[in-house]
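Student: below are the sequence and a predicted model; questions follow.
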Amino acid sequence: MNISATTFIGDKVRNLQGENLGDIKEIMIDTYSGAVSYAVLDFGGFLGIGNKLFAVPWNALQIDTENKEVVLDMDKERLKSADGFDQDDWPNFADPEFESRVHQTYGTEPHGASRGRPS
């Protein structure tokens, strides 16, 4: 099934316990493969103040089409302690070390791990 990436912008993200983890701020696409790499999760704060952003691997998310939600199997407290970034200081998503840390945090494999990337 194909769906517009903008459909997910602003969608609520919850965990398996039903807790609200925030909403999707952006969708990041791998320019080599064209596949969706990450959803940027906006978590915490109030009215956009004091919030923290997280790059969540797309393959760590489940789409709940019935409830029109995105589900992340992660405890709210664990997410609070994960590496995040500020709205005005985004990481280099192409950095292999960044990619490795993020996938380790969420227990996923990079979607390009088996095909390699140009150097």
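Tutor: Sure, I can see it.
Student: helix or strand for Lys25, which one?
Tutor: Using DSSP states H and E, Lys25 sits in strand 20-29.
Student: run the chain-centre distance for whichever helix or strand comes after that strand.
Tutor: Note on strand 20-29: by DSSP H and E, the next helix or strand toward the C-terminus is strand 36-43. The chain centroid and the centroid of strand 36-43 are separated by 3 Å under CA atoms, centre = their mean, to the nearest Å.
Student: in its sheet, which strands sit next to strand 36-43, and in what direction?
Tutor: Partner strands and pairing direction for strand 36-43 (DSSP bridges) are strand 20-29 (antiparallel), strand 52-57 (antiparallel).
Student: give me the contacts around the last one.
Tutor: Among residues not part of strand 52-57, those counted as contacts by CB atoms under 8 Å, 6 or more residues apart in numbering are 13, 25, 28, 37-45, 72, 79, 82-87, 90-91, 93, 98, 102-103, 106, 108, 110-111. Placement of C-beta: from N, CA and C, glycine included.
Student: show me the contacts for Lys12.
Tutor: Residues near Lys12 by CB under 8 Å, 6+ apart: 20, 22-23, 69-70.
Student: did I read that right, Glu97 in a helix?
Tutor: Yes: assignment of Glu97 by DSSP: H, G, I helix; E, B strand; the rest coil places it within a helix.
Student: OK, contacts around it?
Tutor: Contacts of Glu97 (CB under 8 Å, 6+ apart): none.
Student: okay, it: pLDDT?
Tutor: Looking at Glu97, its pLDDT stands at 93.
Student: then the one 4 residues further on?
Tutor: In this prediction, Arg101 carries a pLDDT score of 93.
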